[in-house]
Each structure stands twice: as C-alpha cells, then as structure tokens.
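Visitor: model the following, please.
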Amino acid sequence: MIDRSPRPEPRLYAPPEFRLRVGPCAWLVRGWTIITMGVVLTRTAHAGDQLRPRTPVLHRDERCLTVIDRAVTPFVELEYSIPYEDTCALIHPAPTHQFFAFCRTPTFGRSLPPWITWDEIEAAHALGLPLPPVTHEDALNENIDWQDCVWPITARPERRPITCEAALEGVVWDVREMPLGMVFVAGYTFHPPSNLWSPRHGAFKIEDSTDPVGAPPAIAFAHRTTYLYSDETFDLELCVDALPGSRLALAYATWAEPDRWTTIASDLLVEDSAFHFPWDPPDRVGGQNVTLEVTITDPLERAVRVTAQEPILVLAVPAPAPVDGAANEPPWLDVCRESTAEPPATSCPSGPKIPDPAEQDSEEAEDRGTANGCSVSPTRFAPPGGFAAFLGLVVLAYRGSPRLSSVSIQRATKAAAASSTTDENTGGMRPRSAAVIRPQSELEA
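Guide: Below is the predicted model of the structure:
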C-alpha cells in the first residue's frame, strides 16, 4: 500500500564535514569552528591599507665617498626629503622614518631584514595585520648576518613622522662611538605589515686624526647606472681614500650564479682619489642582472671588499641610434624645499581606524569611522562589520538543529558579505594567513 500522506519539505544538508552529531564533543568542535571563522572575518576587515604605497626616504646631498674625522666633526647632519606627506593612521599608527648605519651593503641577492625587532612582528600580529611567513631572520636585531654590523642613527622612540616639518629638521648623526672604517647609511619606513628600506647612495669613511694607525682603506662605486646595452663600454668609476701604493681588483657575478665571481681585472694601482676603468661586459651576461665588486688592499695589507649597492641589467640588444634634441630626465623636485605650494599628501584609505576617545560618543565620530581621514589614539579599534557576522554564526550553533544545513550556511555567508566593509584599496583580496608567533625576549635596536 502506497503512503500518500503529505511529506515534510525536503531539507538540504551541509557537506559531510559539517554533519556533526549532537553531543558535548560535537558542540566543542562546532564552537571552535565558528570562533575561527569569526576571527578570519574580523582580520579580513582589518587589512585596510595593506596595498597602500610605502613612503620612501629621499636622501639629499648624496656623494660617492664622504670622509669624516670624528675627532674634528663628532656630529654629522644628514639631509633628506619625502615625495609626499603620509600621516594616515588606520589599525596601525601613522608610518614613520628611522635611520641606520651599516658596516657593509647587503650580500648580492639578499636584502635587509624587513623588521627591526621581533617584538614589532608580535605587535603587528596582535593587531590582526596580515603577515607573510616570518622567521627570526626577518628581524634585524636577531639576524646573524647583521650582528655587530648595524648602528641606529635615530633610536626607535625617535622615529620621525613622515612630514615636511620633520624632514626639514634633518638628522643629527653622532659618530663619536662609530668604529673606524667604511659605513653605509639607509633610511627605514616603518609601515606594517610591509616596511621599506631606502639606502643612501655612496659611503662614509669614519677616521680619527688622533689615531696613530688610522682607518683602513675606503672605496665606493660612483655610478648610478641601472642598465647597459650589449655594445656599450661601461666607465666603471670608483672613489678611493687609501694610502699611496694601494691596489685593487674588480669582479662581477650574475643573478643566476650569485656565488660565482668572475675577475674583471686585478692588481690595479691606485694613483688618485678617482679611479676609472673601461669594462666591456662579455656576451654571456647579456639579458642578465650583474653586480660589481671591488677589493682594495693597502701597503699595510689591510683589505676591504665592497659590493655595488644596485645590480646592473646588461641588455641583450645594441644601443639605439641617438635622437636629436632628446632631453635628459629632470632631477626630482624636493617638495619640502623647492615647491611653493602645499606639500602633497597621500590619500588615506577608508576602513577601520584607531578611534579618538573624545569623538566616540558623538554621531560625527561615528560617521567618520569609515571616511577618509587620520587620527591616532592609544585605544583599541572598534569591531568591524565582520564581527557582526561572527555573532550571527554563534546564533546558528544554538538553534538546536543536529545538523547545519547548506541553506543556513549560505545565509550566514551572505550576511557576512553584507556586513563587512570592502576597501577599494585591497581589491577584495583575502589577506594571507598570519604567521605563528612565538614570544622572544625583546632586544632593543
């Protein structure tokens, strides 16, 4: 006999991974899953300025080699500028600039660590900023390659706001405790989660006229060439400060084989403070990036090796015919010194920001919560729209149904999408998972 009684409306069930039987363990698993989903939604909404450009340091008065006698000039003033002002503070306070001195340039094929201390990585992770995988080698003060090779010119509490007012003050560098020899300077833009280094062209030599032995020899590359044509002869220019009778050797390496150095010339006598050597790149390096290296040895057998700060791309094509009337590219404009107009400022993206306590109780502050603008406060940020979706998921867990239907899951997903604020600067991209952070003792830079 056929049962023709009305049947209940068919239910759509979630995939097998969501089918959990009712019980204490099931509620624990389901609760943990919902909390994790809420955290992901919250952190996704916090990536407001992930793709915002980082503001570099524009160094002024750069020279190939600057000799400083610390006995005569214990303090050196470094001038710099900025391309535009950047005072936007969202989840993280406004970006800042800091300056460092290094005993050498980065090894070919490697860059400076993107972070200064490990505790700053932990702080960025605690704010929910999307971080790529990081290790302790990504912190400058814990990287083995840079131990005893870096000195802060400005301390961390003295980081400067990215404004023309701060740039016009310059940076005072105390060289009294600096070791004798060559030093390289770089500016640092602290703007988590993506920080930026701006190396200063050229080098400094620290010497002391009261020291009977004197500083070891110093040599630096003068060129700022970034590419060569296959039929072009490169005028390799060097700046030298060394004892008479010093000799040098030149070599190059390619990006494909960074550890294989090929000799260009050796046992070259240095007779002047400016050294020139014509170099014709071999055909085998056509279409590759190459870096140059020079080693100078003085009569006291003190040897110093220096790597060029930037690689050179050797093009696999000959140079084009010259064009009559072609003008050289004009020098960059210092907006803080040479412009009469207001200095340009970066456009602050919309999204969650650090609220001002004085404005939290006013409707005006509520309207500005998602408007373009900048404010800095020690208070924590307000929960974004993703948190509302998280609460909705929690309610689903306690509706009493032994199973989560796919219809319910779709509704929760739509609610999350509707309540979350989309930042046009992120392009709707989901940030990468944050790295697992293990506490370490803080080492001040």
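Visitor: check contacts around Val306.
Guide: Counting by CB atoms under 8 Å, 6 or more residues apart in numbering, Val306 touches Arg104, Thr105, Met182, Ala203, Ile219, Ala220, Phe221, Glu293, Val294, Thr295, Ile296. Just so you know, the C-beta spots here come from the backbone N, C-alpha and C atoms, and that holds for glycine as well.
Visitor: show me those residues that map onto strands.
Guide: Among the contacts of Val306, the ones falling in strands (DSSP state E) are Met182, Ala203, Ile219, Ala220, Phe221, Glu293, Val294, Thr295, Ile296.
Visitor: which of those residues are buried?
Guide: With burial judged by 16 or more other CB atoms under 10 Å, the buried subset of the ones in strands among the contacts of Val306 is Met182, Ala203, Ile219, Ala220, Phe221, Glu293, Val294, Thr295, Ile296.
Visitor: and which of these is nearest Leu65?
Guide: Of all those, Leu65 sits closest to Ala220, with 4.5 Å by CB to CB.
Visitor: look up the residues forming beta bridges with the closest one.
Guide: Residues in a beta bridge with Ala220, per DSSP bridges, are Cys239.
Visitor: how close does the residue nearest to Gly286 when sequence neighbours are not counted sit to Ile219?
Guide: Excluding the flanking residues, the one nearest Gly286 by CB to CB, 6 or more residues apart in numbering is Ala316, at 3.9 Å. Going from Ala316 to Ile219 by CB to CB, to the nearest Å gives 30 Å.
Visitor: now the helices for the stretch 151-300 of the chain?
Guide: 164-169 (DSSP state H, counting those that start in this stretch).
Visitor: ok, now which ones touch Trp115?
Guide: Shown in contact with Trp115 (CB under 8 Å, 6+ apart): Ile121, Val134, Asp138, Ala139, Leu140, Asn195.
Visitor: count the residues that sit near Phe102.
Guide: 19 (other CB atoms under 10 Å).
Visitor: check the one 4 residues further on too.
Guide: If you count neighbours by other CB under 10 Å, Pro106 ends up with 18.
Visitor: which residues of the stretch 151-300 of the chain fall in strands?
Guide: 160-161, 171-174, 181-190, 196-199, 203-207, 218-221, 227-228, 234-241, 247-254, 262-269, 274-279, 288-297 (DSSP state E, counting those that start in this stretch).
Visitor: among those, which comes closest to Ala126?
Guide: Of all the strands of the stretch 151-300 of the chain, strand 181-190 comes closest under CB to CB, at 16.1 Å.
Visitor: put the alpha carbons of that closest one into PDB.
Guide: This file holds the C-alpha atoms of strand 181-190, laid out as PDB (Å, rounded to 0.1, in the frame of the first residue of the first chain):
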ATOM      1  CA  GLY A 181      86.300  52.400   8.500                       C
ATOM      2  CA  MET A 182      83.500  52.400   5.900                       C
ATOM      3  CA  VAL A 183      79.900  52.900   6.800                       C
ATOM      4  CA  PHE A 184      76.700  52.800   4.700                       C
ATOM      5  CA  VAL A 185      73.500  54.600   5.600                       C
ATOM      6  CA  ALA A 186      69.900  53.700   4.900                       C
ATOM      7  CA  GLY A 187      66.500  55.100   5.800                       C
ATOM      8  CA  TYR A 188      63.700  52.800   7.100                       C
ATOM      9  CA  THR A 189      60.000  53.300   6.600                       C
ATOM     10  CA  PHE A 190      58.100  51.600   9.500                       C
END
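Visitor: packing partners for that strand?
Guide: Applying 3 or more CB pairs under 8 Å, 6 or more residues apart in numbering; DSSP states H and E, one finds that strand 181-190 contacts strand 96-102, strand 196-199, strand 203-207, strand 218-221, strand 303-307.
Visitor: cutoff 7 Å now
Guide: strand 96-102, strand 196-199, strand 203-207 (3 or more CB pairs under 7 Å, 6 or more residues apart in numbering; DSSP states H and E).
Visitor: on that earlier part again, make a markdown table out of the contacts of Trp115 and add pLDDT and neighbour count.
Guide: As requested, the contacts of Trp115 are arranged in a markdown table below (pLDDT from 0 to 100; neighbours: other CB atoms under 10 Å):
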| residue | pLDDT | neighbour count |
| --- | --- | --- |
| Ile121 | 95 | 24 |
| Val134 | 92 | 20 |
| Asp138 | 95 | 17 |
| Ala139 | 96 | 22 |
| Leu140 | 96 | 25 |
| Asn195 | 95 | 19 |
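Visitor: narrow those to those in helices?
Guide: Ile121 (DSSP state H).
Visitor: closest one to Pro53 out of the contacts of Trp115, please.
Guide: Asn195 (12.7 Å).
Visitor: can you tell me how far the closest one is from Thr55?
Guide: If you go by CB to CB, the gap between Asn195 and Thr55 works out to 11 Å.
Visitor: what of Ser273?
Guide: 36 Å.
Visitor: what do you get for Ile82?
Guide: Taken as CB to CB, the span from Ile82 to Thr55 is 6 Å.
Visitor: okay, those two: which has more neighbours?
Guide: Neighbours of Ile82 and Thr55, each counted by other CB under 10 Å, are more numerous for Ile82; the result is 24 against 21.
Visitor: for the more buried one, phi and psi?
Guide: phi -140, psi 150 (degrees, to the nearest 10).
Visitor: just give the closest residue to it, not the sequence neighbours.
Guide: Residue nearest to Ile82 in three dimensions, not counting chain neighbours: Ala167, with 5.3 Å by CB to CB, 6+ apart.
Visitor: need the contact list for that neighbour.
Guide: Ala167 makes contacts with Tyr80, Ser81, Ile82, Cys336, as judged by CB atoms under 7 Å, 6 or more residues apart in numbering.
Visitor: what residues go with each domain of the protein?
Guide: Per automatic domain parsing, the structural domains of the chain span 11-52+349-445, 53-215, 216-319.
Visitor: worst average pLDDT in those?
Guide: Among those, domain 11-52+349-445 has the lowest mean pLDDT, at a mean of 45.
Visitor: from the strands of the stretch 151-300 of the chain, which stretch is densest packed?
Guide: strand 218-221 (a mean of 24; mean count of other CB atoms under 10 Å).
Visitor: for the residue nearest to Phe221 when sequence neighbours are not counted, what are phi and psi?
Guide: Leaving aside its sequence neighbours, Phe221 sits nearest to Ala308 (CB to CB, 6+ apart; 4.8 Å). Per-residue torsions, Ala308: phi -60, psi 140 (degrees, to the nearest 10).
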